[in-house]
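S.K.: Fold the following for me, if possible:
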Amino acid sequence: MPPTVKIGLVASFLLLLTVNIVMLDLVIFSGRSVRPSEMAATTIRILPTPAPIDACSSFCETQISALRERIDALPTTNSEQRSPPQTSGSVKEYYISFGSGMTQSNVWQDIPGVEAIIDTANYPAIKSVTFEVYLKIPTANGQVYAKLYNVTDKHDVWFSEVSSEGPVLTKKEAAITLESGARTYRVMGLSTLKYDTNIQNARIRIVTY
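M.R.: Numbers count the residues shown, from 1 in each chain. Modelled structure (predicted):
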């Protein structure tokens with residue numbers, strides 16, 4: 001028998017012996033029989049990806065919420081501020097706030113900062129417009145008057161004048177007509193006897209069809 005054949009037989013024998021030893025070890029240590037297919041198979045387990053951690057803590061969220069509230073509370077100057085419409089069937093009501101102030105003058109005087117820009121183009125099919133304001137004289141001396149002034153066209157808003165007397169805050173109303181387009185309207189007031197007067201919560205109510 002050629003030497004190369006003998007070497008091949010020896011190598012084959014050693015390989016078979018090694019495989020048998022490995023199989024025997026698996027049987028002894030695992031306590032069960034091992035199939036050849038189980039030796040060849042490889043099980044791959046895919047671990048679930050951990051959920052991302054929220055980088056913003058509760059303190060961070062609190063600060064963000066407080067910042068948003070401050071931004072929302074900032075006043076808008078020289079622009080129209082209107083509340084969401086209140087609907088009743090097809091009719092809608094809009095309220096445009098002017099603000100509050102006071103005066104001691106016995107002649108018509110501008111109430112500082114109590115004004116707003118109103119654009120009638122934002123309110124199609126206007127049914128009615130009402131000037132509303134709360135008035136009082138804490139000392140009950142004399143009378144308090146208030147009215148709207150059209151700053152853009154430099155004249156009073158017709159029929160907007162209202163008055164009151166006494167220390168009780170009283171709501172007064174006047175039906176008015178707004179000029180077409182964008183106009184700046186300002187509240188003016190006077191105190192007949194020059195006593196402190198309060199002009200509060202002045203606003204416009206617009207009703208549309």
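S.K.: Could you use CA atoms for every contact and neighbour count after this?
M.R.: Noted.
S.K.: all helices for the protein, in order.
M.R.: 3-30, 36-40, 58-73 (DSSP state H).
S.K.: what about stretch 97-115, average pLDDT?
M.R.: For stretch 97-115, the mean per-residue pLDDT is 96.
S.K.: and it, which residues are buried?
M.R.: In terms of neighbour count (16 or more other Cα atoms under 10 Å), stretch 97-115 has its buried residues at 97-106, 108-111, 114-115.
S.K.: Low-confidence bits of the chain, can you list those?
M.R.: 1-14, 16-17, 19-20, 22-60, 63, 66-89 (pLDDT under 70).
S.K.: quick one: the strands in this structure?
M.R.: 86-88, 91-103, 109-119, 126-136, 144-150, 155-156, 162-164, 170-176, 182-191, 197-208 (DSSP state E).
S.K.: Serialize those to TSV and add fields for distance to residue 65.
M.R.: What follows is these, written out as TSV (distance: least, Cα to Cα, whole Å):
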stretch	distance to residue 65
strand 86-88	28
strand 91-103	26
strand 109-119	29
strand 126-136	34
strand 144-150	38
strand 155-156	43
strand 162-164	42
strand 170-176	36
strand 182-191	34
strand 197-208	28
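S.K.: Residue 64 is nearest to which of these?
M.R.: Taking Cα to Cα, strand 91-103 is the member of the strands of the chain nearest to residue 64, at 28.2 Å.
S.K.: From the contact counts, what lies against the closest one?
M.R.: Contacts defined by 3 or more Cα pairs under 8 Å, 6 or more residues apart in numbering; DSSP states H and E place strand 91-103 against strand 86-88, strand 109-119, strand 182-191, strand 197-208.
S.K.: Check what contacts the longest one and list those residues.
M.R.: What that stands for is strand 197-208. Residues outside strand 197-208 that contact it (Cα atoms under 8 Å, 6 or more residues apart in numbering): 91-104, 114, 123-138, 144, 146, 187, 189-191.
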